[in-house]
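Undergrad: sequence first, predicted model second:
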Amino acid sequence: MKLLLTSNGIKNPELEQAFSELIGGRKDLKMALIPTAGDPIEWKPSAIPGGHLSDDWKLVTDTERLEKNKKWHEEWRKNVEDKGYKAYIVDLKDDPAIVKKLLSDADIINVSGGDGNYLMDQVKASGLDKYLKDLLNKGIVYLGTSAGSNLVTPSIGLGWWKPEETLEHKCLGIVDFCLAVHQKEDDDRSETQKIIDYKMYLQSVIEYPWKVYLLKDGQAIKVDGDNIEHIGPGVKKSI
């Protein structure tokens, strides 16, 4: 199984080289782009103190935002094609049979960032949760960014999930570690000790046995079979 799980995409030569190694240096490959996590949505606030959100979301119908999102899809596809790949968009909201066919035909599945909980809803609705691991075991390479990276981990609950939370914290668990993406020491939400403390809290209320990699922007986790590497510039930390 080959995966490159990035914080904010492939943004430097080291990550470019790592991805090239995973795909054997080829460019004449089909890359399925899943932008669904970036859909313009709105969540309904819940009554839980602290500003937590309920599992009640809706797609935004604002024309300007929809057009901006569509433009981003096309720019993303074009940028990938400019690098030599055969790229196409796969929206998880489309017919599940079509989604499965398009993903099964791909050499690379590239999942963007966005809202992780919304992404999980769409993954389940499309049935992708039932067969993504099989596709990766058959040799399709997985490239994730932010929420797209967290999708294949066991949990996205680090930093926000509490027992009273209505949103699901579990992900697909294709890998056996978790990620803290966009990690910044000068950010109160992602400072290392805060993450350590929150992991300890989660371990007190749910089963949370997993190692957590702290990914700064520009960093990634490269998975090649049993080999797992924390790559990219800067200090590399895990807890």
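TA: Structure's in. What do you need?
Undergrad: use CA for all of it now, contacts and neighbours both
TA: Will do.
Undergrad: how many residues are close by the spatially closest residue to Asp115 that is not a sequence neighbour?
TA: Computed as CA to CA, 6 or more residues apart in numbering, the closest residue to Asp115 that is not its neighbour in sequence is Ala37, at 5.2 Å. Residue neighbour count, defined by other CA atoms under 10 Å, stands at 25 for Ala37.
Undergrad: does Ala37 touch Val123 like I think?
TA: No: assessed by CA atoms under 8 Å, Ala37 is found out of contact with Val123, at 9.7 Å.
Undergrad: quick revisit: now do the contacts for the residue nearest to Asp115.
TA: Listed by CA atoms under 8 Å, 6 or more residues apart in numbering, the contact set of Ala37 reads Ser112, Gly113, Gly114, Asp115, Gly116, Tyr118, Leu119, Ala147, Gly148.
Undergrad: farthest-apart pair in those, please.
TA: Greatest spatial distance in the contacts of Ala37: Ser112 and Tyr118, 12.5 Å, computed using CA to CA.
Undergrad: comparing those two, which residue is more hemmed in?
TA: Using other CA under 10 Å, the more surrounded residue of Ser112 and Tyr118 is Ser112, with 24 against 21.
Undergrad: next secondary structure after the helix or strand of the chain with the lowest mean pLDDT?
TA: Using mean pLDDT, DSSP states H and E, strand 53-59 stands out as the lowest-scoring helix or strand of the chain, at a mean of 64. Downstream of strand 53-59, the next assigned helix or strand under DSSP states H and E is helix 63-82.
Undergrad: pLDDT of that following helix, averaged?
TA: For helix 63-82, the mean pLDDT works out to 91.
Undergrad: packing partners of the helix or strand following that helix?
TA: Next helix or strand after helix 63-82 toward the C-terminus (DSSP H and E): strand 86-89. Here strand 86-89 touches strand 30-34, helix 63-82, going by 3 or more CA pairs under 8 Å, 6 or more residues apart in numbering; DSSP states H and E.
Undergrad: pretty sure Ser238 is touching Ile221, no?
TA: No: at 11.2 Å, Ser238 does not count as touching Ile221 under the criterion of CA under 8 Å.
Undergrad: these two - which one has more neighbours?
TA: Neighbours were tallied for Ser238 and for Ile221 using other CA under 10 Å; the higher tally belongs to Ile221 (23 against 14).
Undergrad: give the helix, strand or coil label for the residue positioned nearest the centre of the chain.
TA: By CA atoms, centre = their mean, the mean C-alpha position of the chain lies nearest to Gly148, the distance being 1.4 Å. At Gly148 the chain is in helix, as set by DSSP: H, G, I helix; E, B strand; the rest coil.
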